[in-house]
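K.L.:
Need coordinates for the below:
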Amino acid sequence: MSAIRPPRRPLPVIGWREWVSLPDLGIAWIHAKVDTGARSSAIHAFDVEPFDAPDGRRLVRFKVHPIQRTTRETVEVVAEVKDERWVKSTSGHRDCRIVVEAHVALGGDQWPIELTLARRDVMGFRMLLGRQAIRGRFFVNPGRSHRSGLPEGQRRASKRPRPTP
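P.N.:
Purely as a prediction, here's the structure:
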């Protein structure tokens with residue numbers, strides 16, 4: 001006789017892009033591309049300066065522009081270095097990136113993920129949420145966006161032209 005397993009709850013569905021929060025890094029909201037083709041998650045970081053803390057821990061200081069297509073807002077971050085890894089980009093270029101760990105909040109849940117620090121100035125999104133970060137937590141609907149909602153104060157842009165007064 002086999003053991004009866006409780007039914008698994010269906011996984012929540014997210015879209016190909018979502019608003020996420022990174023509270024450990026002081027980032028209230030950042031627009032992330034959900035990328036199941038990317039193994040790891042990445043965040044746009046510049047002025048990256050690794051250094052040793054007095055207690056011997058390896059830390060990194062870096063800056064983030066969390067809002068796409070603008071440099072108006074800058075968040076300065078200090079985080080512990082978890083690792084340094086070689087990462088291959090979609091163009092095939094390999095570079096060594098610093099890895100930090102931070103909690104991500106999405107869809108009412110929060111959990112730790114690894115983030116590689118990378119220059120993403122020319123990319124459409126300042127953050128990639130890779131498959132390791134979402135595995136076993138969500139299904140991704142590539143035809144939808146913002147399934148978990150918009151940040152407070154954000155309005156969904158209408159595709160219809162506004163009437164002129």
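
K.L.:
quick one: contacts for Thr71?
P.N.:
His65 (C-beta atoms under 8 Å, 6 or more residues apart in numbering). For every residue, glycine as well, the C-beta is placed using N, CA and C.

K.L.:
Quick check: it vs Lys63, distance?
P.N.:
10 Å (C-beta to C-beta, to the nearest Å).

K.L.:
could you show me where the strands are in this protein, in order?
P.N.:
13-15, 17-22, 27-35, 41-44, 46-52, 58-64, 75-88, 94-106, 109-118, 127-130, 139-141 (DSSP state E).

K.L.:
So which bits of the first one are buried?
P.N.:
Counting neighbours by 16 or more other C-beta atoms under 10 Å, one finds that the buried residues in strand 13-15 are 14-15.

K.L.:
Off-centre distance for that strand?
P.N.:
14 Å (C-alpha atoms, centre = their mean, to the nearest Å).

K.L.:
Also stretch 42-55?
P.N.:
17 Å.

K.L.:
now do the same end-to-end measure for that stretch.
P.N.:
Start-to-end span of stretch 42-55 (C-alpha to C-alpha, to the nearest Å) is 27 Å.

K.L.:
now what about that stretch, what contacts it?
P.N.:
By C-beta under 8 Å, 6+ apart, stretch 42-55 touches 22, 30, 58-65, 77, 81, 87, 97-98, 115-121, 123, 126-128, 130.

K.L.:
want to throw the strands of the chain into TSV with distance to Gly149 and mean pLDDT?
P.N.:
Compiled in TSV, these are given as follows (distance: least, C-beta to C-beta, whole Å; pLDDT from 0 to 100):
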stretch	distance to Gly149	mean pLDDT
strand 13-15	10	96
strand 17-22	7	96
strand 27-35	11	95
strand 41-44	20	95
strand 46-52	29	97
strand 58-64	22	97
strand 75-88	22	95
strand 94-106	10	95
strand 109-118	13	96
strand 127-130	15	96
strand 139-141	15	95
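
K.L.:
Now distance to Ser148 too, for the ones you listed, in JSON lines please.
P.N.:
Shown next, in JSON lines, are the strands of the chain (distance: least, C-beta to C-beta, whole Å):
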{"stretch": "strand 13-15", "distance to Ser148": "6"}
{"stretch": "strand 17-22", "distance to Ser148": "6"}
{"stretch": "strand 27-35", "distance to Ser148": "10"}
{"stretch": "strand 41-44", "distance to Ser148": "16"}
{"stretch": "strand 46-52", "distance to Ser148": "28"}
{"stretch": "strand 58-64", "distance to Ser148": "21"}
{"stretch": "strand 75-88", "distance to Ser148": "21"}
{"stretch": "strand 94-106", "distance to Ser148": "6"}
{"stretch": "strand 109-118", "distance to Ser148": "9"}
{"stretch": "strand 127-130", "distance to Ser148": "11"}
{"stretch": "strand 139-141", "distance to Ser148": "12"}
